[in-house]
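Participant: Show me the folded form of this:
(one chain, ligands or ions: 2)
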Amino acid sequence: MTTPTTGARVSEVRVTPILITDPPLLNLQGVHQPLTPRTIIEVHTASGHVGLGETYGDTEYLDAIRKVAPHLDGVEVARPTALKALIDQILGEETREAATADVPASGLRGKRDLAKLKASVFAAFEVAFLDAWGKVLGVPVHALLGGKVRDRVDYSAYLFYKWAAHPGQDPDAWGAALDPAGVVEQARIFVERYGFTSIKLKGGVFEPDAEIAAVRALREAFPDMPLRLDPNSAWSVETSLYVARELTGVLEYLEDPTAGVEGMARVHAETGMPLATNMCVTGFDEVPEAFARRAVQVVLSDHHYWGGLRATLDLAAMCRCYGVGVSMHSNTHLGISLAAMTQVAAAVPNLHHACDTHRPWQEEDVITRPHTFTGGAVEVGDEPGLGVELDREALADLHRRWADSEVRDRDDVAAMRVVEPEWNAPRLPRW
Ligand SMILES: O=C([O-])C(=O)C[C@H](O)[C@@H](O)C(=O)[O-]
Ligand SMILES: [Mg+2]
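Facilitator: Ligands and ions are numbered 1, 2, ... in the order given. Here you go, the predicted model:
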C-alpha cells in the first residue's frame, strides 16, 4: 500500500558548521565574539526533497549532531518520533544524575544537562524533517503543526549595549550604545528600519540604576511601546525588588531578574511585576514547581532547546492551562531558524507578546531570500515546508571561514578578555 510518506525517507544528511559575523553586543558574561558558530543541517529524501535545520554550532552540539547524522538513512521524515528513540540510543539513555545535574549553560540559558542536549539535537533534525515532509506533501510546516492562527508574527526590537567596534576592527554601522542616549538611538534605528512595536533591552551590563535610566529614556522616546529588560539573573532578590518597584508601570515584563524559582517567586509576589524567563524554566521537568510557586508569568519558548516545534506547542498548551503567558527567546541565528520560529509562532494560539529575535544583528544568511520585517513582523508564508531555500554559495563561504578559523565555540568571556585581561564570568548575583 502506498502512503503519503512514500519516498519521504532520508537518503542523505549533510551537517555543515559555519561561522557568521556578530557585532560586539554586551551581556552579563562579556561580549559577543566577532565570529560565532552555527550548524546547518540538510536532510535529503529519496524523493529528491531537501529539509533544512539550523542550530547552535558549538562543539558539544556539533559533535552530537555528527554522531546522530549517519544513522538517519531510511528514517521516514514523517516520523520525528522515530528520531527521538534513535537519538536516545545514540547519545545514551538519560541517567538520573545527568537529568538533574546543574551545569551552567555559559550562564545565559539556565541549567543544562544531557536531556537538554538531546532535546536540542532532536529539535535541529525535527525542523529539517518537518521542512522535508512539508515539501513532499506541498504544504507549509505550520499546516503540519495544526495550521496557522495568524498571518504575521510580531517580533520585538532586541537592543543591546554595545561597543562601536570589536577590538582592532572598524566601527560597524550601528555605532556604540553605552548610555541611555545610545540605547534610544539604537531603538530608533530598529523602529525606523524594521517597524518594531515592542522593545527589549539586554541588561546585566551596567549598574541597575544605569539600566533603569535607559529604560526610562526608552519610555520617554517611545511612550506607547511595550518595554522589557533582561539582566540574565544578574541581580539579588533585593536588587530585583528595587528595580521591579522602580519600573512598575513602565515595563511589560521583567525577564530573569534573579536566579532560581524561589527568588523569582518572591520578586513577583512582593511587587506584582510580571516575570518572563528563558533561564529559570528551560525544560518540561522545571515547569511544575515554577508554575505552582508563581515564579514566572511568561515562558519564553525556544524550539532550539525545548525539543522542537511540536514541543513548543506542548509548552504553549501547558502555559495556557496554567494561565501563564508564552513568547519566544532567541540567540544569534540566521534565516532557517527565523523561518522555523515564525512557522511555529504562527500556530501558537496563546502567543500574546512579540517574540525575540537576534536576526537584525546578522549581516549574513544562508538562504536565498532573507526575511524582511515590516511593521515589526514577519509574514507567515504558505510555501511548502519552511518556505526558504538554501544559498549554497553562501553556505560554502561561511563553512570555509569555519574551516580556516580556530573559533569553535561561543565564548563571551574570552571575547571580553581581549579588552579586559582580568575579566571572569561574574559570580551571581552581580548586584
Ligand atoms: O534572552 C536571553 O536571555 C538571551 O537572548 C540570551 C542571549 O545569549 C543573549 O544574552 C545574547 O545574545 O547575548
Ligand atoms: Mg533572557
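Participant: What sits closest to the single nearest residue of the stretch 51-200 of the chain relative to ligand 1 if chain neighbours are left out?
Facilitator: Closest residue of the stretch 51-200 of the chain to ligand 1, C-beta to the nearest ligand atom: residue 108 (4.0 Å). No exception for glycine: its C-beta is placed from N, CA and C like everyone else's. Nearest residue to residue 108, sequence neighbours excluded (C-beta to C-beta, 6 or more residues apart in numbering): residue 232, at 5.3 Å.
Participant: Next: residue 291.
Facilitator: residue 322 (4.7 Å).
Participant: backbone phi and psi for the one you found, please?
Facilitator: Backbone dihedrals for residue 322, given as degrees, to the nearest 10, come out at phi -100, psi 10.
Participant: Distance check, it against residue 363.
Facilitator: Residue 322 sits 40 Å away from residue 363, going by C-beta to C-beta, to the nearest Å.
Participant: Contact residues of the stretch 101-250 of the chain facing ligand 2?
Facilitator: Those residues of the stretch 101-250 of the chain that sit near ligand 2, judged by C-beta under 5 Å from the ion, are residue 230.
Participant: tell me what the one helix or strand residue 200 maps to is packed against?
Facilitator: Assigned by DSSP states H and E, residue 200 falls within strand 199-202. Under the contact criterion of 3 or more C-beta pairs under 8 Å, 6 or more residues apart in numbering; DSSP states H and E, strand 199-202 touches strand 157-160, helix 180-194, helix 208-221, strand 227-230.
Participant: so how far is the second one from its chain's centroid?
Facilitator: Here helix 180-194 shows a centroid-to-chain-centroid distance of 22 Å under the convention C-alpha atoms, centre = their mean, to the nearest Å.
Participant: middle-most residue in the chain, spatially?
Facilitator: residue 330 (2.2 Å; C-alpha atoms, centre = their mean).
Participant: ok now do that one, which residues does it touch?
Facilitator: The contact partners of residue 330, by C-beta atoms under 8 Å, 6 or more residues apart in numbering, come to 158, 302, 337, 341, 355, 356, 357, 358, 359.
Participant: Sitting in helices, which of those residues do you find?
Facilitator: Judged by DSSP state H, the contacts of residue 330 include 337, 341 as members of helices.
Participant: Redo the contacts of residue 330 as JSON lines? Include distance to residue 290, neighbour count and pLDDT.
Facilitator: As requested, these are exported to JSON lines (distance: C-beta to C-beta, whole Å; neighbours: other C-beta atoms under 10 Å; pLDDT from 0 to 100):
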{"residue": "158", "distance to residue 290": "24", "neighbour count": "23", "pLDDT": "98"}
{"residue": "302", "distance to residue 290": "16", "neighbour count": "23", "pLDDT": "98"}
{"residue": "337", "distance to residue 290": "26", "neighbour count": "27", "pLDDT": "98"}
{"residue": "341", "distance to residue 290": "23", "neighbour count": "28", "pLDDT": "98"}
{"residue": "355", "distance to residue 290": "20", "neighbour count": "27", "pLDDT": "98"}
{"residue": "356", "distance to residue 290": "19", "neighbour count": "26", "pLDDT": "98"}
{"residue": "357", "distance to residue 290": "24", "neighbour count": "28", "pLDDT": "98"}
{"residue": "358", "distance to residue 290": "25", "neighbour count": "20", "pLDDT": "98"}
{"residue": "359", "distance to residue 290": "28", "neighbour count": "22", "pLDDT": "98"}
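Participant: Rebuild the contacts of residue 330 as a markdown table, extending it with distance to residue 276.
Facilitator: Putting the contacts of residue 330 into a markdown table (distance: C-beta to C-beta, whole Å) gives the following:
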| residue | distance to residue 276 |
| --- | --- |
| 158 | 13 |
| 302 | 12 |
| 337 | 20 |
| 341 | 16 |
| 355 | 12 |
| 356 | 10 |
| 357 | 15 |
| 358 | 17 |
| 359 | 20 |
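Participant: could you point out the longest helix in the protein?
Facilitator: For the chain, the longest helix by residue count, based on DSSP H, is helix 114-137.
Participant: Report all helices and strands that that one contacts.
Facilitator: strand 35-45, strand 50-56, helix 59-68, helix 80-91, helix 96-100, helix 141-144, helix 303-306, helix 309-321.
Participant: For the longest one, give me every contacting residue.
Facilitator: Helix 309-321 is contacted by residues 80, 119, 123, 126-127, 130, 141, 145-146, 284, 287, 299, 301, 303, 306, 324-326, 340, 343-344, 347-351 when judged by C-beta under 8 Å, 6+ apart.
Participant: and the angle from it to helix 114-137?
Facilitator: 110 degrees (axes from the mean of the first three to the mean of the last three C-alpha atoms, to 10 degrees).
Participant: Can you classify the residue of the stretch 1-150 of the chain found nearest ligand 2 by secondary structure?
Facilitator: In the stretch 1-150 of the chain, the residue that lies nearest ligand 2 is residue 108 (7.2 Å; C-beta to the ion). Under DSSP: H, G, I helix; E, B strand; the rest coil, residue 108 falls in the coil class.
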